[in-house]
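A.B. asks: Got a predicted structure here, sequence first:
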Amino acid sequence: MPLKQLVLIVAAVLFAKVLLLRWFWRHEISAAMERDPAARSTWEVLFLYPSVMAIGFYRIAHPLHQLNWPGFRFIARWMSQYARGWTGIEIHPGAVIGKGLFIDHGMGVVIGETAIIGENVTLFQGVTLGGTGKEKGKRHPTLGNNVVVGAGAKVLGSFTIGNNSQIGANAVVVQEVPPDSVVVGVPGKIVRQNGKRVTD
Ligand SMILES: CC(C)(COP(=O)(O)OP(=O)(O)OC[C@H]1O[C@@H](n2cnc3c(N)ncnc32)[C@H](O)[C@@H]1OP(=O)(O)O)[C@@H](O)C(=O)NCCC(=O)NCCS
């Protein structure tokens, strides 16, 4: 290969890396800095936070998965499983994830193939965005913007969790949640909506 072509390829790869890192800095790393009081520096977040690694791999795997070319879906799944091995966070490359996702601690998080996640969402360790096993096609939840899902919570099914809602730690949510709600318990019940306490 002529030297000129080689230099061009290396320059293109470096440029792509810089763009990816810039995206990361603006959205993923700043999400961790804003939402984790324990985060002391961007370098710490970049090198030590499992969320950044898992989402980084996802950001490369997702477009490969969407191309649907022979072998690409396999590579995308491989990347997802590789990141899972290091972080304990399994993000299916088919999931659609908006900017600013932060997965605090991370271990045991599962994000299913047809899950859709809005912007600035926070998930804690042990969260499952999964299916019930009864649905086909779109079978995982859709999370609106600014949703928080507490540690160990399971959100199961193809319904929507509305913008700005909070799911309590260890809740099991199996039905639609309107925006601005707080849901706790098994099965999940709304205990607060638009800042007001909700009673049965
Ligand atoms: C659900 C949550 C967001 C509620 O926050 P909030 O809006 O401040 O609501 P409150 O604390 O006033 O709680 C409202 C009611 O839900 C109950 N509740 C709160 N969290 C609960 C939970 N995880 N499971 C069961 N009940 C819960 C409270 O006891 C209270 O009940 P009461 O009205 O009978 O007194 C919060 O408690 C939570 O679980 N956050 C997840 C945080 C997390 O996972 N951290 C992990 C760090 S590693």
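C.D. replies: That came through, no problem. Residues are numbered from 1 along each chain as shown.
A.B. asks: what's around the closest residue to residue 106 other than its chain neighbours, how many residues?
C.D. replies: In space, and not counting its chain neighbours, residue 106 is closest to residue 50: 3.9 Å by C-beta to C-beta, 6 or more residues apart in numbering. In this view, the C-beta of every residue, glycine as well, is placed from N, C-alpha and C. Per other C-beta atoms under 10 Å, the neighbour tally for residue 50 reads 19.
A.B. asks: now do residue 28
C.D. replies: Quick note: residue 28 (other C-beta under 10 Å) scores 23 neighbours.
A.B. asks: got a list of what it touches?
C.D. replies: The neighbours of residue 28, taking C-beta atoms under 8 Å, 6 or more residues apart in numbering as the test, are 51-52, 55-56, 99-102.
A.B. asks: quick check, nearest of the residues you listed to residue 43?
C.D. replies: residue 52 (11.1 Å; C-beta to C-beta).
A.B. asks: related to what we said a few turns ago, gap between the residue nearest to residue 106 and residue 105?
C.D. replies: 8 Å (C-beta to C-beta, to the nearest Å).
A.B. asks: can you check residue 97 too?
C.D. replies: To residue 105, residue 97 is 18 Å away according to C-beta to C-beta.
A.B. asks: again, but for residue 80
C.D. replies: In terms of C-beta to C-beta, residue 80 sits 19 Å off from residue 105.
A.B. asks: contacts for the lowest-mean-pLDDT helix or strand in the chain?
C.D. replies: The weakest-scoring helix or strand in the chain, judged by mean pLDDT, DSSP states H and E, is helix 3-23 (a mean of 82). Helix 3-23 has contacts (C-beta under 8 Å, 6+ apart) with 56, 59-60.
A.B. asks: If we use 10 Å, what do you get?
C.D. replies: For helix 3-23, contacts defined as C-beta atoms under 10 Å, 6 or more residues apart in numbering pick out 1-2, 29, 46, 56, 59-60, 99.
A.B. asks: quick one: pLDDT of residue 43?
C.D. replies: Looking at residue 43, its pLDDT reads 86.
A.B. asks: Touching, it and residue 52? I think so.
C.D. replies: No. Using C-beta atoms under 10 Å, residue 43 is not in contact with residue 52, being 11.1 Å away.
A.B. asks: tell me, what's touching those two both at once?
C.D. replies: residue 29.
A.B. asks: the more surrounded of those two?
C.D. replies: Neighbours per residue (other C-beta under 10 Å) separate residue 43 from residue 52, with residue 52 holding more: 21 against 9.
A.B. asks: quick check, the more buried one in a strand?
C.D. replies: No. Assessed with DSSP: H, G, I helix; E, B strand; the rest coil, residue 52 is helix; it does not lie in a strand.
A.B. asks: which residue sits closest to it, ignoring its sequence neighbours?
C.D. replies: Nearest in space to residue 52, with sequence neighbours left out and distances taken as C-beta to C-beta, 6+ apart, is residue 28 at 5.7 Å.
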